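Novice: my questions are about this predicted structure, shown below with the sequence.
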Amino acid sequence: MGVPCGLLIYLPGEWEADPTALAELRRFLGDEYGVTLQLEPAATPLLAPVAIRLGVLAQHAEDPALRARINAAFFTLDWLEFEDVS
């Protein structure tokens, strides 16, 4: 049997993952909790990624180190407005 999934994240279509921060999140989950990360595209419109903690990770919902790594791993550029230069 493989390593259990401990964190499921639904990612909205307009959001991106920072590869370095995502790798750090995966490393942290494995080293600290012995679980993996599963990313899924959101099936409905969401304002931000939704993180669902499963199994042993559900007991650590308030872990500030985990929250910081989740926040660092995903971003959107929706706030950026471009001026019409034509």
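Specialist: Done, it's in. Numbering: from 1, shown residues only.
Novice: end-to-end on stretch 7-18?
Specialist: Length of stretch 7-18, first residue to last, Cα to Cα, to the nearest Å: 17 Å.
Novice: distance from it to the middle of the chain?
Specialist: Mean-position distance between stretch 7-18 and its chain equals 6 Å (Cα atoms, centre = their mean, to the nearest Å).
Novice: one more: stretch 29-38?
Specialist: Mean C-alpha position of stretch 29-38 versus that of the full chain (Cα atoms, centre = their mean) differs by 13 Å.
Novice: what does it rub up against?
Specialist: 2-9, 22, 25-26, 54-57, 60, 65-66 (Cβ atoms under 8 Å, 6 or more residues apart in numbering). In this view, the C-beta of every residue, glycine as well, is placed from N, C-alpha and C.
Novice: go with 6 Å
Specialist: For stretch 29-38, the surrounding residues in contact (Cβ atoms under 6 Å, 6 or more residues apart in numbering) are 3-8, 26, 56-57.
Novice: which of the residues you listed are buried, as a PyMOL select command?
Specialist: For the buried members of the contacts of stretch 29-38, the matching PyMOL selection, counting by 16 or more other Cβ atoms under 10 Å, is:
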select buried, resi 6+7+8+26+57
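Novice: identify the farthest-apart pair in the contacts of stretch 29-38.
Specialist: Greatest spatial distance among these (Cβ to Cβ): Arg26 and Val56, at 16.1 Å.
Novice: return the member of the contacts of stretch 29-38 nearest to Ala72.
Specialist: When the contacts of stretch 29-38 are ranked by distance to Ala72 (Cβ to Cβ), Arg26 comes first, at 12.4 Å.
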